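Asks: coords please:
(chains A and B)
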Amino acid sequence: MMRFLRYSFLWFCVATPSLCCAQQKEDWQPITQEDLRIKEVPGDPGAAAIQLYYANYIDDSTQTEFEYRRIKILTEKGKKWADVEIPVRTGLSIKDLKARTIKPDGSIVDFSGKPFEKTILKGHGIKLLVKAFALPDVGVGSIVECKYKQVYESDFTSDNWVIQHNLFTVKEEFTFKPYDGGLRGRYFYEQGARLAWVGRSITKEQQPRMEKNNNAQLELHNVPGFEPEEHMPPEKNYQAAVHFFYINPEIKTTDGYWEFVGKRWYELFERFIGDHKETKQAAMEAIGNESDPEKKLRKLYVRAQQIRNLSYERERSEEERQKEKLKANEGVAEIIKRGYGDKWDVVLAFVGMARAAGFDASVLVVSNREEEFFSKEVLSTRQLDSLIADVKVNGKDVYLDPGTKFCPFWLVRWMSTSTQALKPDKKTPTFISIPAGMVDKAITRRSVNATVDAEGSLKADLVIKFEGTEALERRLAAAQTDEAGRKKEMEDEVKSWLSDTAVVKMLDAQGWEETNEPLSLHFSIEVAGYASSAGKRLVVPSYLFRVKQKDAFAHADRKYPVYFPYAFSEIDSINIAFPADRTMESAPQNQDAGLPFASYRNVTTVQGNHLVTQRVLELNGIYFPVTKYSDVKAFFNKVQAGDEQQAVLHVEGTSSAQKGN
Amino acid sequence: MNNKQSFMWRVQAVLKKGISAIVLLFLAGVWPVKAGASAPDWLRNLAQQPAKHYPDDVDAVVLLDEGETTVKDNGEIVTHSKIVYRILRPEGKDYAEFHVGFDNETKLSYLHGWSITAKGLEYEAKDKDAFERSTSTYEIYSDDKEKILLLPGADVGTVVGFEVEHKERPYVFQTEWGIQGRIPVERSHFTLHLPPSWEYRADWVNHGDVEPAITGNTYSWELTDVPRIEKEYKRPPDEALASRILITFYSEKIRKQTYKSWAEVGAWDAQLTEGTRDPSPALQQKAQELAPASLPLLERVRALARFAQHDIRYAAIEIGIGGFRPHPAAEIFTHRYGDCKDKATLLAAMLAQIGVKSYSMLIHTARGIYTEKSPPSIGFNHAILAIQLPDASFTQALPALYEHPKLGHLLIFDPTSESVPFGQLPEYEQDSYALLVTDHSGELIHLPVSRPESNEVVRTAKLKLSPEGTLQGEVQEVLSGYIAANARRFLRDETQKDRKKMIEHFLGHMMSNVQVDSFDLANADDIDKDLIVRYKFTAEHYAKSAGPLLLVRPRVVGENANRFDPSKPRHYAYELDAPFLNTDTVEITLPDGFKVDELPDAAKASYGFGEYTSKTEAAGNVLKYTREYKMSTTLVPVDHIDQLRKLFSEITSDEKNMAVLKRAP
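Replies: Numbering: from 1, shown residues only, chains lettered A, B, ... in the order given. All right, here's what the predicted structure looks like:
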């Protein structure tokens, strides 16, 4: 009995403070005068609401996650925050849900109703709901707050701290308590697991504070809201967050993790590629008598792309696959034999055939910068979602992308360039930087033969040749539709380059199914009122097209870098015939602009009654930090001013209809 | 309001934005399948019939749309439907994803689907393979749900067929058979079985009457080769164009759940909302506090209207009959939230406290769906209020005033629209038809339309041009009527940063290299006053140098011409928000050393529905551009489309015109 009492006392001494502390943390926060007084978000007048308090306490031992939000409504628009929706999925329940409104005078109206359950999706063992309710008596100046605990039935919590929210947040508190069962037994590593974390777009102050008991804590003040901008790099890389995860304790460093992954992948790929007579036979048939290494490789590339690439077809159900006799390939020999596979299969088959033909060929697992920039610190293989091939030709590494339908021999699709790839290896896997695609890899050539009549209407014949990435992206989009869809998409695109009144008809298209040839399109264009009148003068723009990148530079200031998917060049030749009875009073001047990574030249000449403009725009970069924004904006302003130049024509010997003073 | 039909576009928009059912299926790793699937003969026969030729932008065609409704004597209605599509384009594969709605009162008793590919492969999916989800969109909660059945084999040439059965005991005994939609229909067939003592009335909407084939108590209608509704810019909404039959049932057993006239629809709604306007003491007290008797009556009404409009947050909770019946006024007052009919009900209850009578009105937010010819129905999606004003209570003409032959001055007010001033109507309610619900009756009335002068943009620009072509100066825009209301919706709730971006975006469309130097909004929160937007800007290279000349577009800001593809034939009328008047005065001080050498011609175009005039003048060193653009209607009929095209063309031409400045020798 005495021993029991002693232990009870000890338990009380040790446990009570922490219980009290935990209890207190989950109680309603005191309502301060400052909370009631606040009327505006610092530095952002007119903001709809401000988050006064946010708490996220994750406990993997109890598999619970506590959330608390206190939001003050600052404008009419901010009232939307009084409509609360809490997502609930299968295996997750919500308990201790409480919500209330604090009126501007400090009085409190508790939410006393029962939340509605809205079904987001139900069926096949999936159940996604939201618990929805509206807080009562809410107006501008009200504070709304809600807290609840999410209980995870069979797995760990979200393991994610969202540091930066849509709203400016005055105070944030986070805790993360890892699984305390020794991280053994229930986790996937037999030897247990180690807790690790990685931050995205966080400052030093926003890093978790690790305590002796392996708990993580963080308290932050005045965290600005996340406001994405158009033409910014992937948002995921800019919204501050901390992600916790468990890893094999034998992996001590990030390099160790990727080495482990690279070795595993090497084994898998090597087993899949193998050394089979079917592969060798296919390679030999493709090569024929060719002896030049590059030409041999090109033939193998063509052969690989002849494999039916299921990644570019509609997803099929298991029953469809059975009926259509489509099976999962277990190795390259099967791909060759069956003649189909997904995009990974095509790359592996290509590497297999290249090796069979004597090339030093490897598989690279490459990250995709479309959704997210690769970060080595993030120990997740989800970042590496594509395969390309690395083949040594005449001593040089050539990166090839046969798994992308229509991708030419010398090109890698843009999202797999200017990024990192892991080269799996038996002993030392390494990261390789996949080089950027330069301006010569994405060219738009436009050739216009036009006539402007005396009323100012323009009729034109436009031929466009898209090369490299420009052709590839359009071919991939076109593969999702039919001839009519392609025609409409291209007409809409050309229309978007022209005046709103333009009528565009596509007359012909060549090369939709080609790989190495340009995509060649032929249009007729009519623009009523293309040239404007000024009395008897006719003012004719010498260049038809709008600057496509204009929207990226519409605003004076910018918070995040400007980001274009790929470098490009535009090469245009415009020939506009004007009425023979008009003479050129003033022709546009030549224009030049340049930056280390961009150039622009626009030269107009008058040849008889023709206005002939040659224009070249090259942008050899994709990422422009905020510090460079004004330079790039100024460059594009010059481009736009140059493109908007006009020629002035007049009728010889006539006087103006309406003269000025 | 109940919005099962009318808010479908919102539902669809949200579904498109959300995760698609297909994605979720793959996330879940499941797909509705049945080994040894076998399509029924009726579907096989349809799949084998020769394909007709359609324009190359038709995504799919309805081969058969068949419905069979059986009304039982106990009031249960069972509808068995079959719909069969042939996929004609890759874009048509969505037709293999079938969405069928239901709610607490409508039971989905059977759901089945099959597909037959062009190669003859057959697939099948049943009710148990379906997913279910809520179709609540703007509501906090509603009991509207749908099941989604997804068929494999969705390729071009595949024929997909669905069979579904609903059982319901409706609040109102009326059903609708929709015939026309966005894709052509080869055969639409509807059959009705009635119990012996029951009768029906069939009203054709957007189609001439078609007599049914009759066998005993069975009636059937059939249409073949129904064309699709074409996509056209600014055309009336689908429901204002689509052919359909509205069938109303009559029997002594359902006397209170059906109607023969608008008066009876009104009576039905009146009994449904009975008692909801009963006040609580707190509500009574608030009404007196907001509208003391010391104020003139119109001011008292305005004060209560403002409370319902601004202090009651829009939040919809609609369950069952709750789609039609408002919550009790006392409850709405306590929660300080509600949907459109709740807001109208609360306002009515408060008005009653100061002795002002008001009438509920049901309306559709898309103009043209209800017309003077519309048969009685409850397809409205919005509720507003008609406030009865005594003769002496107002002195100024109010644009939203409706003169009723018996009830006198009725001020129509929409407490849901937070940016429309008291005395005005939102543009989407003007020139529309609404059900006025009187004490035990109702009538369809035509709501007033505002004058162009009530919806004005008066733009005044004072600008200065540099010799290099930089234009700098200030613009003031005074906005009134619906234009101000819409601008408030966009601007009022934005942050200063975002407002600036919006102005930059607006200007960036009309001139390059533009920068907003400063801006301010006046009366943004005071909806009873005109909204004033002022901004200062600098536009480099605005005027283009051409040798000794400087070319200036005197119009500077404001684009009035609308996009209109002259190469395509027009099928439908062109819809405008409401009549309006835009007036621009732009004064550009010219740079020293330059004088006007040539000016553009004046513009003048006048048609029955609208007119446009502009003039450019030079006075001293100032270039002055003035113009007026007035549209006097809400709808330009299709037989006037050529005139409208011409008007837009003339506006476009004028907006591009240049003045030529010349450096003085």
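Asks: Look at residue 275 and say how many residues are nearby.
Replies: Reading this off chain A. For A:Asp275, the tally of surrounding residues (other CB atoms under 10 Å in any protein chain shown) stands at 12. Quick note: C-beta positions are derived from backbone N, CA and C, even for glycine.
Asks: I was thinking of chain B, sorry if that wasn't clear
Replies: Neighbour number of B:Gly275 under other CB under 10 Å is 9.
Asks: Flag the shaky bits of the chain, pLDDT-wise.
Replies: Using chain A. A:1-24, A:155-157, A:181-191, A:652-661 (pLDDT under 70).
Asks: ah, I was thinking of chain B
Replies: In chain B (pLDDT under 70), the answer is B:1-37.
Asks: Correct me if wrong: A:Ile247 contacts A:Ala196.
Replies: Yes. Applying CB atoms under 8 Å, one finds A:Ile247 in contact with A:Ala196, separated by 5.4 Å.
Asks: and for those two, which residues touch both?
Replies: Taking CB atoms under 8 Å, 6 or more residues apart in numbering or on different chains as the criterion, A:Ile247 and A:Ala196 both touch A:Leu379.
Asks: Wait, a helix at A:Gly621?
Replies: No. Under DSSP: H, G, I helix; E, B strand; the rest coil, A:Gly621 sits outside any helix and is assigned coil.
Asks: Secondary structure element for B:Met467, which one?
Replies: Quick fix: residue B:467 reads Pro, not Met. B:Pro467 belongs to no helix or strand when assigned by DSSP states H and E.
Asks: out of everything not next to it in sequence, what's closest to it?
Replies: Spatial nearest neighbour of B:Pro467, chain neighbours left out: B:Pro591 (4.2 Å); criterion: CB to CB, 6 or more residues apart in numbering or on different chains.
Asks: middle-most residue in chain B, spatially?
Replies: Central residue of chain B (CA atoms, centre = their mean): B:Ala366, 3.9 Å from the mean position.
Asks: if I pick that one, what's in contact with it?
Replies: Here B:Ala366 is in contact with B:6, B:237, B:239-240, B:428 (CB under 8 Å, 6+ apart).
Asks: Would the single longest helix found in chain B count as contacting chain A?
Replies: Longest helix in chain B, counting residues (DSSP state H): helix B:641-656. Yes. Helix B:641-656 is in contact with chain A by CB under 8 Å from any CB of the partner chain, via B:649, B:652-653, B:656.
Asks: Under a three-state scheme, what state does the residue nearest to the centre of chain B occupy?
Replies: Following three-state DSSP, the label given to B:Ala366 is coil.
Asks: Pull out the buried residues from stretch B:373-390.
Replies: If you call a residue buried by 16 or more other CB atoms under 10 Å in any protein chain shown, then stretch B:373-390 has these buried ones: B:374-389.
Asks: Same question for stretch B:158-170.
Replies: Buried-residue list, stretch B:158-170, by 16+ other CB under 10 Å: B:158-164, B:166-168, B:170.
Asks: Check stretch B:99-111 too.
Replies: B:99-103, B:106, B:108, B:111.
Asks: The residue nearest to A:His522 when sequence neighbours are not counted: neighbouring residues, count only.
Replies: With CB to CB, 6+ apart as the criterion, A:His522 has its nearest non-adjacent residue at 4.2 Å, and that residue is A:Asp508. Neighbourhood size, A:Asp508 [other CB under 10 Å]: 9.
Asks: what does A:Phe133 give?
Replies: So A:Phe133, with other CB under 10 Å, has 22 neighbours.
Asks: Just confirm it is within a strand.
Replies: Yes. Under three-state DSSP, A:Phe133 falls within a strand.
Asks: quick one: contacts for it?
Replies: Here A:Phe133 is in contact with A:83-84, A:99, A:111, A:113-116, B:140 (CB under 8 Å, 6+ apart).
Asks: closest to A:Phe406 among the residues you listed?
Replies: If you rank the contacts of A:Phe133 by distance to A:Phe406 using CB to CB, A:Asp83 comes first, at 46.3 Å.
Asks: Skip the chain neighbours and tell me the closest residue to that closest one.
Replies: Once flanking residues are discounted, A:Asp83 sits nearest to A:Ala134: 5.4 Å by CB to CB, 6+ apart.
Asks: Return the residues in contact with that neighbour.
Replies: A:Ala134 sits next to A:82-84, B:140, B:313, B:315, B:317, B:335, B:337 when contact means CB under 8 Å, 6+ apart.
Asks: Show me what counts as buried in stretch A:200-208.
Replies: Per 16+ other CB under 10 Å, stretch A:200-208 contains these buried residues: A:200, A:202, A:206, A:208.
Asks: my guess is the second one meets A:Ile163, correct?
Replies: Yes. With contacts counted by CB under 8 Å, A:Ile202 reaches A:Ile163, the gap being 6.1 Å.
Asks: and for the two, which residues touch both?
Replies: With CB under 8 Å, 6+ apart as the test, A:Ile202 and A:Ile163 both reach A:240-242.
Asks: Could you dump these into CSV with neighbour count and secondary structure added?
Replies: As requested, the shared contacts of A:Ile202 and A:Ile163 are exported to CSV (neighbours: other CB atoms under 10 Å in any protein chain shown; DSSP: H, G, I helix; E, B strand; the rest coil):
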residue, neighbour count, secondary structure
A:Ala240, 19, coil
A:Ala241, 17, strand
A:Val242, 21, strand
